[in-house]
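S.K.: okay, structure incoming, though there's no sequence with it:
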C-alpha cells in the first residue's frame with residue numbers, strides 16, 4: 001500500500017459516510033412532503049416472500065405540497081405497503097383509495113420537532129464516528145507503512161497531517177449539514 005492509495009481510501013470512506021448521512025437526513029420529516037420520507041421504508045412483501053425498499057415497489061409522487069401519493073407497481077401489495085408505513089414510526093397514517101395510497105403530511109408540533117432534532121443530532125454523531133473510524137484505519141496504515149520502511153518518520157508525520165486535514169474537513173461538512181437540517185426541522 002502506498003500513502004497516496006491509503007489517503008484516497010480514507011477520503012472515499014469519509015465521503016461515503018457523508019453520503020449516507022444525507023440519505024438518512026432525507027428520511028427526517030420537516031412538515032413538507034418529500035418522496036425521500038418513505039423511499040427507504042422496508043416492506044415485507046408476503047406474496048414475494050422477501051423484504052424490499054418501498055422505492056423499488058411503487059412510484060412515489062408529490063401531487064400537493066403536504067401529500068404523498070404512492071402507486072404500487074403490483075396492486076396486490078398495497079396492503080403490505082400500507083402496513084410497512086404504519087410500522088415505520090414516521091407518524092404518518094396511510095389511506096388507500098383503490099390501488100393508490102395517500103399520505104397526508106401533518107404539521108409538526110413543537111414536541112415532535114424537538115424529537116426530530118434529537119434524531120438529526122444522533123445521525124450526525126453516527127457519521128462523525130464513521131469518519132473517525134476511517135481516520136483511525138488510515139493512521140494505522142501509516143504506522144504499518146512506517147514499520148515496513150515505506151515511509152520515513154518525517155513522511156509519516158506529513159501523512160498523518162494529511163489524514164487529520166481530511167478528517168477535519170469531513171467533520172466540518174457533517175456539522176454544517178446537521179445545523180442546516182436542524183434549522184429546517186425547527187422552521188414552522
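M.R.: Perfect, thanks for sending it. Every value quoted in this text rests on a predicted model; they were computed, and no experiment measured them.

S.K.: so which residues of this structure form strands?
M.R.: 42-45, 50-53, 58-64, 67-72, 94-97, 100-104 (DSSP state E).

S.K.: nearest to residue 121, out of those?
M.R.: Using Cβ to Cβ as the measure, strand 42-45 is the one of the strands of the chain that comes nearest residue 121, at 23.9 Å. (Glycine included, C-beta is placed from N, CA and C.)

S.K.: in terms of secondary structure, what does the closest one contact?
M.R.: If you count contacts as 3 or more Cβ pairs under 8 Å, 6 or more residues apart in numbering; DSSP states H and E, strand 42-45 packs onto strand 50-53, helix 78-87.

S.K.: buried ones in that strand?
M.R.: Under the neighbour-count criterion of 16 or more other Cβ atoms under 10 Å, strand 42-45 has 43, 45 buried.

S.K.: same check, this time on stretch 20-27
M.R.: 21, 24, 25, 27.

S.K.: pull the helix or strand with minimum mean pLDDT from this structure.
M.R.: The helix or strand of the chain with the poorest confidence is strand 42-45; it has a mean of 84 (mean pLDDT, DSSP states H and E).

S.K.: strand partners of that strand, parallel vs antiparallel please.
M.R.: Strand 42-45 has the following strand partners under DSSP bridges: strand 50-53 (antiparallel).

S.K.: residues of the partner strand that come out buried?
M.R.: residue 52.

S.K.: give me the contact list for it.
M.R.: Residues lying outside strand 50-53 but in contact with it, judged by Cβ atoms under 8 Å, 6 or more residues apart in numbering, are 39, 40, 41, 42, 43, 44, 45.

S.K.: returning to what we had before: dump the buried residues of stretch 20-27 to JSON lines, plus pLDDT and distance to residue 84.
M.R.: Rendered in JSON lines, the data for the buried residues of stretch 20-27 read as follows (pLDDT from 0 to 100; distance: Cβ to Cβ, whole Å):
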{"residue": "21", "pLDDT": "91", "distance to residue 84": "23"}
{"residue": "24", "pLDDT": "85", "distance to residue 84": "18"}
{"residue": "25", "pLDDT": "84", "distance to residue 84": "21"}
{"residue": "27", "pLDDT": "73", "distance to residue 84": "14"}
